[in-house]
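Just a sequence and a predicted model for now, questions to come.
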Amino acid sequence: MLQARRGLRAWPARTGEGAPQDRAGGAPCGPAGPVRHIAGFQPAGFNEYEMPVFRAVVETGGAAGIVLSQLMMEDYPALTAQLLQLVLRGWGDGETTIWSEKLPDRPLSSGGQALALRLGADGFMGGGRTVEAISDACQRGEVTEAMITAAARRMLMMRLQLLAISAGPAHVDRKGHQDLVRRAARESIVLLRNDGLLPLLVGPGMRLAVIGPHGEGLADELSRRVTAQYVSGSDRVTVSGVDGEFELTEWRHGRFTLTSETRTIEAFADPDGTVTADGEPLEWQRVSHGIADAVALAREADVVVLAIGSNPALDDGNRDTLELPPQQHQLVRAVRAANPNVVLVVRSAYPYALRWEDTYLPAILWSAHPADEATADILFGDHAPSGRLPQTWHRTDDDLPPTLDYDLIQGSGTYMYQETEPLYPFGHGLTYTSFTYEDMDLSSRVINSHESVTVTVRVRNNGFRDCHEVVQLYTRQLNSQVRQPRKVLRDFRKVLIPARGSRDVTFRLRAADLCFWDVTRDKWVVETALHEVFVGSSSAKAAASAVLDVHGKTLPPRILAGTARTAHSYDESMGLALVDISSEAGLVVTAAKGGAWLGLLGYDPSGCRSWSLTASNAGDDPVPVELRCGAPDGRLLGTVLVPPTTDRRRYAVATGSLMPVDEISDLFVVFPEQGPWITRIGFA
């Protein structure tokens, strides 16, 4: 499941290029780490969006291993085995280590390590009686010596590879490393908004107020150049039954830290106002008002640098909202009322909905990591910002798909399918100049499926300082038999353009880059179609465009009569889950909730008089499944009653009649009730 901290997955095509290249023969960048959690089971999205991210990192040598959760191993063993053997082991040299991660809130089941080893895992995370458990399983015959040997060999090879690139303690924290880290931090900072306040004009007697929970280190760095004073803006409180004063900071809605010089307490506030820490009720008494202190300091300053955001130590679950925590938002509004010259510095692993801030603050910077020195470089104008957003920043929670809807296409996920206007689009980022795009040209306007085209555009710097521009190349397929993304980033170039000068930027676009996953045949295809090719500074700004005619394949007609298809080969879905893999039945899907559906789009059902489901039903009563036309709540064409099969993995064929439809239509298999498990759908 996609979390925002992995926002680079918004562009799967080249994510792996940012990974360390140690095993691929490039310059060592440090030990490669494991890639965490693979999920996502919408067929097109799984192949086009989810898998390329992980595959690219593995095949370029940027990952030493892949981590699958304990839940995946124990709840879906057949699915895990298929994923490991047919997918992950087919990447690279097939020797990537697979790790089983123990969930902190889930006890390890009896034989959990043995099960993971049988499925193909090599190592185990989270502790436990691993040696004893594997030894017992081996004695019982559940695990063979060959399994242990294969896992040990892969683990040993990984350790040897990591040891080979270890530079040793004498090379830690060298000047060259420090400079590289500072440069990387500088180039990752994104200027979201600037109404002329940045870069700061430093003069004699200039006074900066640095405010916010992330401001202390930044104040120290800024004070090297100007007079800078710091307050956190957080209340100071006393806690019942605990000595001393604590600084109270809200990092997420209803989630606080109380910090003193000697300890930190994590507290939770329920909607009814009850506050707990370690499961026990907690009461505090305010000693000083942090926002009042912040306002007083802001009034005396020429410029305020307000540093807010998330606490990495508390980023251990999904957020309930994109909004800033109430305490931080109140701080922002109060400081802005006291001084209009506010630079908001947001440090977080994920986006926020900053509607108010974007309207009323003159400058906003974002960084995913603590970077005080690099932030100072940007604020003072020593370096111009050149970072770009690796994800979309929405205006409101309403712009997000439902929390449990992981269908990228149906849920209008990411910039590729999103229809609402974002606050800050994918690829967005400003700098201390502006650019103009001129004279875009394609080397050819028509190509075949095995050919490529060269895209050239001239980019002009309109300002008076040298700055980097990130030129982004997107495409959009204009005609297709299946739903296509609104746009897809294909490439980018980061180029330094001199003041008042220009540079020609060139891309190579292959027809093969324009392929998509054909769910009807489970294969990649380049379709004969027109494609709009455009360049710009973000996914929302097409500065220049042209049309490319690609001669590829014509998709075969989607005829239903006399066919049977796997249940997972659908175009769109809502509320479905892929739950199992059976050697006899294949992939198995089910309705995670009543009202779930799967869509078969653009099919010709003429001649069909009946339909069938290969399904299991572990309940006591028959379960209805409907086929509807045009929409999930459209005209009812027929119903199949899936009878009880007594065993969840015992499948039977259930048949129902169909009303005739003699034109190409969008058909929807609808599950009024949760379940059953479906493997095949047939039409006759």
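Looks like it came in fine.

Per the annotation, how does this protein divide into domains?
Per the TED database, the structural domains of the chain span 8-14+37-164, 188-387, 435-551, 563-683.

so which of those domains comes closest to Leu400?
For the domains of the chain, distance to Leu400 was read as C-beta to C-beta. The smallest value, 7.3 Å, belongs to domain 188-387. Yep, even glycine has a C-beta here, placed from its N, CA and C like the rest.

got any ranges where the stretch 51-200 of the chain has weak pLDDT?
In the predicted model, the stretch 51-200 of the chain carries pLDDT under 70 at residues 70-79, 86, 102-111, 126-128, 164-170.

closest one to Asp173 among the domains of the chain?
With C-beta to C-beta as the criterion, Asp173 lies closest to domain 188-387 of the domains of the chain, at 14.3 Å.

so after the helix ranked longest in the chain, what's the next helix or strand?
In the chain, taking DSSP state H as the definition, the longest helix is helix 145-164. Note on helix 145-164: by DSSP states H and E, the next helix or strand toward the C-terminus is helix 175-188.

Only C-alpha atoms, please: export that following helix in CSV.
The C-alpha coordinates for helix 175-188 follow below in CSV (Å, rounded to 0.1, in the frame of the first residue of the first chain):
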residue,chain,number,x,y,z
LYS,A,175,34.8,16.5,4.6
GLY,A,176,33.8,15.2,1.1
HIS,A,177,30.9,13.2,2.6
GLN,A,178,29.7,16.3,4.5
ASP,A,179,29.8,18.4,1.3
LEU,A,180,27.9,15.8,-0.6
VAL,A,181,25.2,15.5,2.0
ARG,A,182,24.8,19.2,2.1
ARG,A,183,24.6,19.4,-1.6
ALA,A,184,22.0,16.6,-1.7
ALA,A,185,20.0,18.3,1.0
ARG,A,186,20.2,21.7,-0.8
GLU,A,187,19.0,20.2,-4.1
SER,A,188,16.1,18.4,-2.5
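
With mean neighbour count as extra columns, can I get the domains of the chain in CSV?
Rendered in CSV, the data for the domains of the chain read as follows (neighbours: other C-beta atoms under 10 Å):
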stretch, mean neighbour count
domain 8-14+37-164, 18
domain 188-387, 18
domain 435-551, 17
domain 563-683, 19
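
Need the ones you listed in TSV (columns: distance to Ser412).
Putting the domains of the chain into TSV (distance: least, C-beta to C-beta, whole Å) gives the following:
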stretch	distance to Ser412
domain 8-14+37-164	12
domain 188-387	16
domain 435-551	9
domain 563-683	11
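
Compare those domains and give me the one nearest Pro557.
Distances from Pro557 to each of these were compared using C-beta to C-beta; the minimum, 6.1 Å, belongs to domain 563-683.

Tell me the span between the first and last residue of that closest one.
Length of domain 563-683, first residue to last, C-alpha to C-alpha, to the nearest Å: 6 Å.

lowest average confidence, helix or strand, in this structure?
Counting by mean pLDDT, DSSP states H and E, the chain has its least confident helix or strand at strand 33-36, which shows a mean of 44.

first vs last residue of stretch 237-246, how far apart are they?
5 Å.

hmm, I was thinking of stretch 259-277
For stretch 259-277, by C-alpha to C-alpha, the gap between its terminal residues amounts to 13 Å.

For it, which outside residues touch it?
In this structure, residues lying in contact with stretch 259-277 by C-beta atoms under 8 Å, 6 or more residues apart in numbering are 239, 242, 244-247, 249, 254-258, 281-284, 314.

would you list every one of the helices in this structure?
In the chain, the helices defined using DSSP H lie at 43-45, 51-59, 70-75, 77-82, 112-119, 130-140, 145-164, 175-188, 216-222, 290-299, 326-338, 355-360, 372-379, 414-417.

Could you dump those helices into CSV with distance to Pro498 added?
Conversion of the helices of the chain to CSV gives the following (distance: least, C-beta to C-beta, whole Å):
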stretch, distance to Pro498
helix 43-45, 42
helix 51-59, 33
helix 70-75, 52
helix 77-82, 54
helix 112-119, 56
helix 130-140, 59
helix 145-164, 42
helix 175-188, 18
helix 216-222, 29
helix 290-299, 38
helix 326-338, 37
helix 355-360, 31
helix 372-379, 20
helix 414-417, 31
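
To Trp597, which of those helices lies closest?
Once C-beta to C-beta is applied to these, the stretch that comes out nearest is helix 43-45, at 14.9 Å.

circling back: out of the domains of the chain, which gets nearest to Gly429?
Nearest to Gly429, of all these, is domain 188-387, at 4.7 Å by C-beta to C-beta.

Straight-line length of the closest one, end to end?
Taking C-alpha to C-alpha, the span from the opening residue of domain 188-387 to its closing residue is 5 Å.

from the chain's centre, how far out does that domain sit?
Mean-position distance between domain 188-387 and its chain equals 25 Å (C-alpha atoms, centre = their mean, to the nearest Å).

now stretch 465-484
The gap between where stretch 465-484 is centred and where its chain is centred comes out at 19 Å by C-alpha atoms, centre = their mean.

First-to-last residue distance for it?
In terms of C-alpha to C-alpha, the two terminal residues of stretch 465-484 are separated by 40 Å.

what does stretch 550-568 give?
Taking C-alpha to C-alpha, the first and last residues of stretch 550-568 lie 29 Å apart.

try stretch 453-472
With C-alpha to C-alpha, one end of stretch 453-472 sits 16 Å from the other.

now swap in stretch 647-663 and tell me
In terms of C-alpha to C-alpha, the two terminal residues of stretch 647-663 are separated by 39 Å.

Could you pull up the mean pLDDT of that stretch?
With pLDDT averaged residue by residue, stretch 647-663 scores 91.

Same check on stretch 674-683?
The predicted model gives stretch 674-683 an average pLDDT of 91.

can you check stretch 285-295 too?
Confidence over stretch 285-295, taken as the mean pLDDT, stands at 95.

Equivalent analysis for stretch 540-549, please.
The average pLDDT for stretch 540-549 rounds to 95.
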